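Colleague: Okay, structure incoming, though there's no sequence with it:
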């Protein structure tokens, strides 16, 4: 079999096309595969009504996705990194099928998302003031345990009822109890 390669300047910009260091190798043993499917989220335990962003970590260059979210809204999605909300407490399955021109594969994660009821958590400033870049303490009450998350990144920053911080700009924390 013969191979024809065409290099064209489709934009019309420029006057010359220069190609350096191009190699063609015969006998390359390459096998193409359907995607190896994987996904994740920042937190698998969320409060009812929370919005969860899913991240597709599939390999082998998928170009289509089909997500199913038991009990979620939306219940399905074709986005690569969808956002989903669960309003009712419980454990929920999530599945993803990814495909490319070589085929498709899927993964099912039973009880992947745990949705907990919204606790009645109260947060107050118990020491200091949030003004002027001085340290201050936020104290949560109303639950048995507490997890403080950075709202921007979704990362856990502290576990416990009181969080002492110094802020130089507006910041948001999410407290799970």
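Modeller: Structure's in. What do you need? Keep in mind it's a predicted model, so treat the numbers as computed, not measured.
Colleague: In contact with residue 177, which residues?
Modeller: 119, 121, 140, 142-147 (C-beta atoms under 8 Å, 6 or more residues apart in numbering). No exception for glycine: its C-beta is placed from N, CA and C like everyone else's.
Colleague: Got a quick PyMOL command for the buried subset of these?
Modeller: Here is the PyMOL command that selects the buried residues among the contacts of residue 177 (16 or more other C-beta atoms under 10 Å):
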select buried, resi 119+140+143+146+147
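Colleague: Could you identify the most distant pair in the contacts of residue 177?
Modeller: 142 and 147 (13.7 Å; C-beta to C-beta).
Colleague: Which strands or helices does the helix or strand hosting residue 104 pack on?
Modeller: Assigned by DSSP states H and E, residue 104 falls within strand 103-116. Under the contact criterion of 3 or more C-beta pairs under 8 Å, 6 or more residues apart in numbering; DSSP states H and E, strand 103-116 touches strand 45-47, strand 90-100.
Colleague: Tabulate these (a markdown table), appending distance to residue 134, mean neighbour count and mean pLDDT.
Modeller: Putting those into a markdown table (distance: least, C-beta to C-beta, whole Å; neighbours: other C-beta atoms under 10 Å; pLDDT from 0 to 100) gives the following:
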| stretch | distance to residue 134 | mean neighbour count | mean pLDDT |
| --- | --- | --- | --- |
| strand 45-47 | 30 | 17 | 91 |
| strand 90-100 | 42 | 19 | 98 |
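Colleague: Indicate which one of these is closest to residue 175.
Modeller: That would be strand 45-47 among the helices and strands packed on strand 103-116, by C-beta to C-beta, at 9.6 Å.
Colleague: Quick check: residue 81 vs residue 133, distance?
Modeller: 35 Å (C-beta to C-beta, to the nearest Å).
Colleague: Using the record's assignment, carve the chain into domains.
Modeller: 39-116, 122-176 (automatic domain parsing).
Colleague: quick one: which of residue 81 and residue 133 has more around it?
Modeller: residue 81 (12 against 9; other C-beta atoms under 10 Å).
Colleague: Tell me how far that one lies from residue 117.
Modeller: Here the criterion is C-beta to C-beta. By it, residue 81 lies 27 Å from residue 117.
Colleague: again with residue 64
Modeller: 36 Å.
Colleague: do residue 44 as well
Modeller: Distance from residue 44 to residue 117, by C-beta to C-beta: 16 Å.
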